[in-house]
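Below are the sequence and a predicted model; questions follow.
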Amino acid sequence: MSTLPTRPATAAQSAQSIAEIETQRLRRRTFAIISHPDAGKTTLTEKLLLFGNSIEIAGAVRGRKSERTAKSDWMEMEQERGISVSSTALTFEFAGAQINLLDTPGHHDFSEDTYRTLMAADAAVMVIDLAKGIEAQTEKLFRVCALRKIPVLTFVNKVDRRGRSPLEIIDEIERKFSIEPVPQNWPLGSGEDFRGFVDLHDDSVHLFDEHRANRRVSSKVVSWSDLESVEPAITPE
C-alpha cells in the first residue's frame with residue numbers, strides 16, 4: 001500500500017498547536033478525593049458530578065434492597081462490598097474548566113493505588129466524618145500530600161448526622177496536622193436540624209430542601225436579616 005508523503009508543519013501551525021495545548025492545559029483542574037474508608041468520598045464524588053450536570057440522580061452506596069451502587073464503583077467487588085478498590089477518573093465541565101475527579105480507594109489494602117493517583121493530582125479533597133473526625137488512613141494520606149506539596153481542601157461529611165461540633169473538628173485538624181484551617185462555609189445546625197450552610201466568602205445563607213437532596217435543585221439564598229423569618233429554628237453551631 002502506497003502513502004503520500006506528509007507535509008511538514010509550518011512555524012505558524014506549530015505555534016498554533018502549542019498555544020492550543022497550553023490553553024487546554026490551563027483549563028484543566030485535577031482533584032483526588034482521599035479519606036478513611038466509609039467517610040463518604042465516593043458519595044461526594046457523585047454529588048460533584050450531580051451539581052456538575054453530569055448525572056441526574058446520585059446513586060449513593062446503599063443497602064442491597066435499593067439495587068443501586070455508586071456510579072464510580074464499577075468493579076463487581078466494589079459493588080458487593082460497597083468500597084472503592086481502584087481509582088476512578090471522572091470528568092465534567094464546570095465554569096469553563098475541565099474538572100477531573102479522581103475517586104481513590106480508602107482501604108489501606110489498596111493504598112498503593114492511591115499513592116500513584118496522587119502523583120497526577122493538582123490538589124486533594126480530604127473527606128472527614130463529622131462523628132469520627134480524622135481517622136488513621138486519612139492522616140496517612142494527608143502526610144503523603146504534605147510531602148508532595150499538594151494543596152488540600154477539607155470537606156467535613158455527614159453533617160446531617162449527630163457528631164462533633166465544627167469547632168472540635170477544626171481543633172483536631174490544627175493539633176494533628178499543625179496547620180491553620182480556614183473555613184469557607186459553616187453548617188446551620190446538625191443531625192436532624194441540619195438545614196443549610198453559611199458561605200463565609202460572601203456572608204450569604206444557603207437553605208436547601210432536605211427531602212430532595214439526591215436531585216439537583218436550586219438552593220434558597222437569603223440574607224442574615226431574613227434568616228429568622230424563613231427558618232426560626234435554625235441557629236449556626
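All right, it came through fine. Numbers count the residues shown, from 1 in each chain.

if you skip the residues just before and after it, what's nearest to K220?
L207 (4.5 Å; C-beta to C-beta, 6 or more residues apart in numbering). Using the backbone N, CA and C atoms, a C-beta is placed for each residue, glycine as well.

Likewise for W186?
W186's closest residue in space is V198 (C-beta to C-beta, 6+ apart), at 4.6 Å.

Name the residues linked to the one you found by a beta bridge.
V198 forms beta bridges with W186, V205, as assigned by DSSP bridges.

neighbours of the residue nearest to K220, just the number please.
As a burial measure, L207 scores 17 neighbours (other C-beta atoms under 10 Å).

just V152 next, same as before
By the other C-beta under 10 Å criterion, the neighbourhood of V152 contains 18 residues.

cool, and I21?
I21 has 10 neighbours, counted by other C-beta under 10 Å.

now do E180
Residues within reach of E180, counting by other C-beta under 10 Å, total 8.

Could you verify my assumption that it touches E174?
Yes: the criterion here is C-beta atoms under 8 Å, and E180 meets it with E174 at 6.4 Å.

Quick check: next helix or strand after the lowest-mean-pLDDT helix or strand in the chain?
Ranked by mean pLDDT, DSSP states H and E, the helix or strand of the chain with the weakest confidence is helix 76-81, at a mean of 49. Going down the chain from helix 76-81, the next helix or strand is strand 88-94, by DSSP states H and E.

Check what pLDDT S178 gets.
pLDDT, S178: 92.

From R143, how far off is it?
11 Å (C-beta to C-beta, to the nearest Å).

now swap in L167 and tell me
Distance, L167 to R143, by C-beta to C-beta: 24 Å.

quick one, phi psi at S35?
phi -180, psi 170 (degrees, to the nearest 10).
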